[in-house]
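# Let's see this in three dimensions:
(chains A and B)
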Amino acid sequence: MVTNLDFLTQFTKGDKAKMKKYIEMYLDTSKQKMEVMKNALQNKEYETLKVAAHTMKSQARYMGITSVEADIVSVEHSCNEQNNLDQLPTLVEKVNSVLSQSITELSEKINSL
Amino acid sequence: MAQQDRIIFLVDDDNMQLQMIKDYLDERFEMKLYQYSTGEEALANIHLNPEIVILDYHLMSINKSAENGIEILKKMKEACPTAQVIMLSGQDKISVAVECMKNGAYDYVVKSESAFMRIENIFNNIGEHMKTMHQLKIYKLGFRILIGVILSIVVFSVFAVKMGWAKSYLGGFD
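Below you'll find the model as predicted:
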């Protein structure tokens, strides 16, 4: 499991409708941003890549996806400083793999709410 | 200012963040909350005179030509100096926080699980600050009235003395 909904449960006081609303928002954004990150990496659009990664950082925190934060920060840092750019494909792949896993887990969760 | 008169601007291009802050504040404060996804939209409505503005530092994730939070902060403080601006950012960087505070931000909050509670505390602090400022205004007004009354008494007394002197002077001729 890469997700942990402890915070969201506490934040919504267990309100299932609210949990569902936030999870749906996360699913929409993460699917979209994963695509943006992939394309931006291919086209070497590092500013776009940085902004997409930045958006995912806070959203992932709220879904308890702690394992991805360090890699997202590295992506942001590399894009910003324009260094270690050769490591970006590996980092983006790692980030997208965790986000994919989170989408699977949360899609299942949403059905059980 | 009555609680229901509080006007709050929430400026963030991250829809989920926007919704979470809105829901959290709605449950705790009576206020009129306006949401904007760009700083330009918020600035266009600055005549509403917001008491508090929660402003994202990065406002370019949807609209790349949108101005950054720090530029919006400067323009906002110029257009509405009384607005207390809370800057929100995904970056836990002291240099970013310092930059925000230098440009007139009331506080700086990092987007994290504890951000909501931090914002709630800042709201309460601003409420207390506004109350103190309001009381100070009343004290200042009271002090001015008191000085005015004292001055009037002094002027009246001098005048009365002079009148008395004039009366006895005139009386002396009678």
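# Next to chain B in this structure, residues from chain A, please.
Contacts of chain A with chain B, taken as C-beta under 8 Å from any C-beta of the partner chain, map to A:7, A:11, A:18, A:21-22, A:25-26, A:29, A:48, A:51-52, A:54-55, A:57-59, A:61-62. The way it works is simple: take the backbone N, C-alpha and C, and place the C-beta from them, glycine included.
# What's the PyMOL line that selects buried ones from these?
In PyMOL syntax, the buried subset of the residues of chain A next to chain B is picked out as below (16 or more other C-beta atoms under 10 Å in any protein chain shown):
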select buried, chain A and resi 11+18+21+22+25+26+29+48+51+52+54+55+57+58+59+61+62
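# Tell me where chain B has helices.
With DSSP state H, the ranges of helices along chain B come out as B:15-28, B:39-44, B:69-79, B:94-102, B:115-173.
# closest one to residue A:75 among the ones you listed?
helix B:94-102 (18.1 Å; C-beta to C-beta).
# average pLDDT for the closest one?
Mean per-residue pLDDT for helix B:94-102: 92.
# now stretch B:68-76
93.
# what about residue B:101, how many neighbours?
Counted by other C-beta atoms under 10 Å in any protein chain shown, the residues lying close to residue B:101 total 13.
# That one: what's it in contact with?
residue B:108 (C-beta atoms under 8 Å, 6 or more residues apart in numbering or on different chains).
# what does chain B put close to chain A?
Proximity of chain B to chain A (C-beta under 8 Å from any C-beta) is limited to residues B:14-17, B:19-20, B:23-24, B:58, B:60-61, B:64, B:90, B:111-113, B:116.
# and if we set it to 7 Å?
Applying C-beta under 7 Å from any C-beta of the partner chain, we find that chain B lies next to chain A at B:14-17, B:19-20, B:23, B:58, B:60-61, B:90, B:111-113.
# Show me which of those residues are buried.
B:14, B:16, B:17, B:19, B:20, B:23, B:58, B:60, B:61, B:90, B:111.
# Out of the residues you listed, which one has the lowest pLDDT?
Lowest pLDDT among these: residue B:61, 67.
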